[in-house]
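Trainee: Give me a 3D structure for the following:
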Amino acid sequence: MNEHDRPEAGPRSLVGTACAHGIGTPPGRADGTRRGPDLVPDGSAELCRTLPTPADTHELGRRLGGVVEAGDLVVLAGPLGAGKTAFTQGIGAGLGVLGRVTSPTFVIARLHRPAPDGRGTALVHVDAYRLGGIGELEDLDLGLDLDRAVVVVEWGEGLAESLTDEHLLVRMDRRPDDTREAVLTAAGPSWTRRLAAL
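Mentor: Below is the predicted model of the structure:
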């Protein structure tokens, strides 16, 4: 299955989106206050970042890994090469999981257990690219993992959001100059609060 066979229209392009540059402190407003997430028309919060290097993509994921909790769902969307796996590796680093986080393309889902010196929360990394629909996603029993792990689903837009009312959608894109852009959209008040920490 490819992204064009999915029920959604596919990931929207982020090229041309006005993002804050880099991952340091977001630019302040004219009055000197820190700029946080923007509210979008549907009431959710959205944060946009330009990521000049793969290390920046990893670092944004690491920061997210510092604020995620067991029970969280992160849905990743974007074309091949957009940085979804590098972002997930950063989440794993922020959580402090055992082993190297690699794309689960051929195994569909991979469990990364917490390291003894980590935050104590496991990471379930799913690649939904080859799944035929919501039924196959539900067959993975991710609902059980949502109680005790952070679940990250690559290629999950249009499928994984139905697993829980609160989730974070991360749309990533690769620009012609090889920088990446990430738009993080919070669904639910818990995610809206945590976006401000990034």
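Trainee: Residue 83 touches residue 181, doesn't it?
Mentor: No: between residue 83 and residue 181 there is no contact under Cβ atoms under 8 Å: 9.4 Å. Every residue, glycine included, has its C-beta placed from N, CA and C.
Trainee: neighbour count winner among the two?
Mentor: Between residue 83 and residue 181, counted using other Cβ atoms under 10 Å, residue 83 has the larger neighbour count: 26 against 23.
Trainee: What about the residue nearest to that one when sequence neighbours are not counted, how many residues nearby?
Mentor: Among residues not flanking residue 83 along the chain, residue 57 sits closest, at 4.2 Å (Cβ to Cβ, 6 or more residues apart in numbering). Residue 57: 26 surrounding residues under other Cβ under 10 Å.
Trainee: hmm, who's touching whichever strand or helix holds residue 57?
Mentor: According to DSSP states H and E, residue 57 maps onto helix 54-65. Identification of contacts with helix 54-65 by Cβ atoms under 8 Å, 6 or more residues apart in numbering yields 22-23, 49, 51, 74, 83, 86-95, 150, 168, 172, 180, 182, 184, 197-198.
Trainee: which ones among those are found in helices?
Mentor: 86, 87, 88, 89, 90, 91, 92, 93, 94, 95 (DSSP state H).
Trainee: separation between the last one and residue 173?
Mentor: Spelled out, that is residue 95. To residue 173, residue 95 is 25 Å away according to Cβ to Cβ, to the nearest Å.
Trainee: Which one's more surrounded, those two?
Mentor: residue 95 (27 against 22).
Trainee: Which pLDDT value goes with the more buried one?
Mentor: Here the pLDDT value assigned to residue 95 is 95.
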